[in-house]
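S.K.: Could you work out the structure for the sequence below:
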Amino acid sequence: MKPIIAITADSLVKPSPVINENIAPFAPRQLVEGILAAGGIPIVLPFPEDPAEAAEAAQAVIDTFDGLVIPGGPDIDPTLFGEEPIPQIGRTNYERDAYEIALIKAAALKHKAQLGICRGIQIINVAFGGTLYQDLGTQDPDCQIQHSQKAPGQFPTHHVTTTPGSQINAIIGAKSKVNSRHHQAVRAVATPFKATATAPDGVIEAIELQEGDDILAVQWHPENMWQRDPAALALFQDLVARAGKKA
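M.R.: Have a look, this model is predicted:
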């Protein structure tokens, strides 16, 4: 039986041309297809509108999937890591934040395989007590390369270097060229994790658990590159393989 991989949904902020709803849940099509190509069965999990229901909603679905993907999306609400929003922060979605944190923690307790993508690495880090740069250009004086690329999303634009012996190193190799569209990033790494890939200017590009292989998260978007980049596809294949062992 193929592993079932859950994807947390984002929501439309404008009316859809198909259905007249401005909060319709969705997942990126290329992400869905990447999971299928890697041998998994994707399902999409919408978040509840009331953040107070996040923990209950997470528990209601936790046994329906084997692996979890936290994909890209809006900025993380900084009050979740003890800060007030600075002027440079973008759109946030507290409802999605609350649900994803509840799901991440519930999945971790059951040792389910998890993959964070872009926003995913950030909310996973925050879920376990880490902090973020709300805006790299404002808060990180060492930020020297373009992390919000102008090139189309499927094009890689900067390199990342991985830590020898790490989980991410085994999947994509010592050095890889990735795409990049973010202005927030991991600042203080949460205690259960270690940083295992960095950009040339030192921005953290991947985190993984210090012990075990349940959770891996990257700052780039492999869902946009897997069709032509074996390293990007390998990230989804690794997730499906980990989920299959946990199933």
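S.K.: Next, the residue nearest the centre of the chain: phi, psi?
M.R.: The residue lying closest to the centre of the chain (C-alpha atoms, centre = their mean) is Gly120, at 2.1 Å. Backbone torsions of Gly120, given as degrees, to the nearest 10, read phi -60, psi -40.
S.K.: what about it, distance to Lys14?
M.R.: If you measure Gly120 against Lys14 using C-beta to C-beta, to the nearest Å, the figure is 23 Å. Glycine gets a C-beta too; all of them are placed from N, C-alpha and C.
S.K.: Likewise for Gly67?
M.R.: Taking C-beta to C-beta, one finds Gly67 at 31 Å from Lys14.
S.K.: Pick out whichever of those two has more residues nearby.
M.R.: Relative neighbour count places Gly67 above the other of Gly67 and Lys14, with 28 against 8, counting by other C-beta atoms under 10 Å.
S.K.: sec struct for the nearest residue to the more buried one once chain neighbours are set aside, please.
M.R.: Distances taken as C-beta to C-beta, 6 or more residues apart in numbering place Ala243 nearest to Gly67, at 3.1 Å, with adjacent residues excluded. When classified by DSSP: H, G, I helix; E, B strand; the rest coil, Ala243 comes out as helix.
S.K.: ok, Ala243 - contacts?
M.R.: 3-5, 40, 66-67, 112-113 (C-beta atoms under 8 Å, 6 or more residues apart in numbering).
S.K.: Widest-spaced pair of those?
M.R.: Spanning the widest gap among these are Gly40 and Lys112, at 12.7 Å by C-beta to C-beta.
S.K.: Common neighbours of these two, please.
M.R.: The contact sets of Gly40 and Lys112 overlap at 67, 243 (C-beta under 8 Å, 6+ apart).
S.K.: Which one's more surrounded, those two?
M.R.: Remark: of Gly40 and Lys112, Gly40 carries more neighbours, 27 against 24, as counted by other C-beta under 10 Å.
S.K.: Could you pull up the contacting residues of that one?
M.R.: Gly40 makes contact with 2-5, 67, 236, 239-240, 243 under the criterion C-beta under 8 Å, 6+ apart.
S.K.: Go ahead and build a PyMOL selection from the buried members of those residues.
M.R.: Selection of buried members from the contacts of Gly40 for PyMOL, criterion 16 or more other C-beta atoms under 10 Å:
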select buried, resi 3+4+5+67+236+239+240+243
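S.K.: Relative to Gly212, which of the contacts of Ala243 is nearest.
M.R.: Of all the contacts of Ala243, Ala113 has the smallest distance to Gly212: 10.5 Å, by C-beta to C-beta.
S.K.: Good, wrapping up.
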